[in-house]
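Q: kindly generate the corresponding structure for this input.
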Amino acid sequence: MARGVRIAVTTVVVAAVAATAAAVWIAQAEPSDPPTARASAGHAPTPAGPPSLVAPPEGPGGQPGGASPSPTQPPARPAAAFAMTVRYVYDGDTLQLQLDTANAVVTTTNPIRVRLIGVDTPEAQPTAQCWSAEATDALRRLAPVGSRIWVAPDRDSWDDYGRRLFSAWTDDGRFIEGELVASGAAKAIRVWPNVTNHPYLSGLEQRAASERKGRWGGC
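A: Coordinates of the predicted model:
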């Protein structure tokens, strides 16, 4: 083979090897799951609230305050919970609460709209659905206007409608979401990332449905 031909072949081979190495480096440097792909797959990142509204540090079980979730035992009120006064009950899963003194999670003493985590009750507006009145009454019994309840965030304390998201306990320690589901007033829902108590609530729903309690027998 002529010397000029050998030089040309060698140059082509070297260029091909360099191009292959560059392609491998780029593939390794680029993320395999870009944000647009995650969003289209239903895994869009949760909008973050202000730094002062971050949930308390998680314990081994992923629950604020360090308690481990249980599918059979109601979650105890975490140490990070704080008391709020009930000002109004909108329906079976939404109420208006107010702090006496602002804190790192709720930075205002104005009344705020709160959606209970992990449960869903029939809508009262614009058209009342079956069992909506009964579900609203159930929450009013657990959290009467003027009473004090205890609330705590899970992983994200804001929803897409500007409401705060909290789990709630009565002043004597009863888990409000669990009481609603166990009575058949609410069903359990799983909305990421606030899923700490879903196993427990889901078990209550299955039992209430099998026993045809509340909405399961009346609607």
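
Q: helix, strand, or coil at residue 204?
A: helix (DSSP: H, G, I helix; E, B strand; the rest coil).

Q: residues contacting it?
A: Residue 204 makes contacts with 178, 181-182, 188, as judged by C-beta atoms under 8 Å, 6 or more residues apart in numbering. Backbone N, C-alpha and C define where each C-beta goes, glycine included.

Q: pLDDT value on it, please?
A: Residue 204 is assigned a predicted lDDT (pLDDT) of 98.

Q: secondary structure element for the closest residue to it other than its chain neighbours?
A: The spatial neighbour of residue 204 that comes closest, neighbours along the chain excluded (C-beta to C-beta, 6 or more residues apart in numbering), is residue 181 at 4.3 Å. Taking DSSP states H and E as the definition, one finds residue 181 inside helix 176-182.

Q: which residues does whichever helix or strand comes after that helix contact?
A: Proceeding N to C from helix 176-182, the next assigned helix or strand is strand 187-188, under DSSP H and E. Contact with strand 187-188 is made by 118-121, 181, 198, 201-202, 204-205, 215, as judged by C-beta under 8 Å, 6+ apart.

Q: what separation is there between residue 122 and residue 207?
A: 19 Å (C-beta to C-beta, to the nearest Å).

Q: oh, that last question was meant for residue 182, not what I typed.
A: Taking C-beta to C-beta, one finds residue 182 at 7 Å from residue 207.

Q: compare these two and say which one has the larger neighbour count.
A: When neighbours are counted by other C-beta atoms under 10 Å, residue 182 and residue 207 differ, and residue 182 comes out ahead with 20 against 13.
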